[in-house]
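In: My questions are about this predicted structure, shown below with the sequence.
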Amino acid sequence: MNDAPVMFDKTLDEHLHCFKLLGSLRDPIKQAARMIISALMAGRKILICGNGGSASDAQHFAAEIVGRFTRERSAWPALALNTDTSILTAVANDYGYENVFSRQVGALGRQDDVLIGISTSGNSENVIRAVRHATTMGIQTIDLIGSGGGTLAGAADIAVSVPSDVTARIQEAHIFILHFWADTAEAALLAQEGS
């Protein structure tokens, strides 16, 4: 218990350091925001996938797009591909867990939609396959990954690689970035609706 204050300070320092480095990602983050906004303005949908904590982030972002982030507005189409247990277990059983997202991309995705693949390591095979399949369908792709980005780093149209090797710090940065995307999408689309 005596180590708790030291651990808290160390964790906070790591968090603040990681967030200071996010400024270096300004361009790909803004580019991804523009991609999301353009797709929604065109009536396209956002698909998101990830495992574990990244699955939670996918659900969180989908909820903010369909529901709202901070402003009252109409609903926009977004779907976290990790939420339907019947589809996940059926596809995993029949085709393998590595195909649980790509199968859904094939069923639900359409050209000019956007797929956001979230993986702290960048090496989640089911996310990699989803991004690759989306690309073959003309779906725009964004990777939200950690330092180095693993295999996903070169797989998507836009890679947002958080400069950290610590999973918790990467996930904290990912939710910040997703909140930024939700906020900018709301601002842009509400401005369009008001014009």
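Out: Perfect, thanks for sending it.

In: Specify the local secondary structure of Leu144.
Out: Reduced to three states with DSSP: H, G, I helix; E, B strand; the rest coil, the structure at Leu144 is strand.

In: So what pairs up with Ile142 in the strands?
Out: Ile142 has the following beta-bridge partners by DSSP bridges: Ile116, Ile158.

In: Against Asp9, how distant is it?
Out: 34 Å (C-beta to C-beta, to the nearest Å). Heads up, the C-betas are built off the backbone N, CA and C, glycines and all.

In: Neighbour count: the two, which is higher?
Out: Per other C-beta atoms under 10 Å, whichever of Ile142 and Asp9 has more neighbours is Ile142, with 27 against 10.

In: My guess is the more buried one contacts Met35. True?
Out: Yes. Counting by C-beta atoms under 8 Å, Ile142 touches Met35, with 6.6 Å between them.

In: joint contacts of these two?
Out: 114, 157-158 (C-beta atoms under 8 Å, 6 or more residues apart in numbering).

In: Which single one of these is nearest to Gln192?
Out: Val114 (17.1 Å; C-beta to C-beta).

In: Can you add neighbour count, distance to Val166 and pLDDT and give the shared contacts of Ile142 and Met35 back as a markdown table?
Out: Shown next, in a markdown table, are the shared contacts of Ile142 and Met35 (neighbours: other C-beta atoms under 10 Å; distance: C-beta to C-beta, whole Å; pLDDT from 0 to 100):
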| residue | neighbour count | distance to Val166 | pLDDT |
| --- | --- | --- | --- |
| Val114 | 25 | 28 | 98 |
| Asp157 | 17 | 27 | 98 |
| Ile158 | 19 | 23 | 97 |
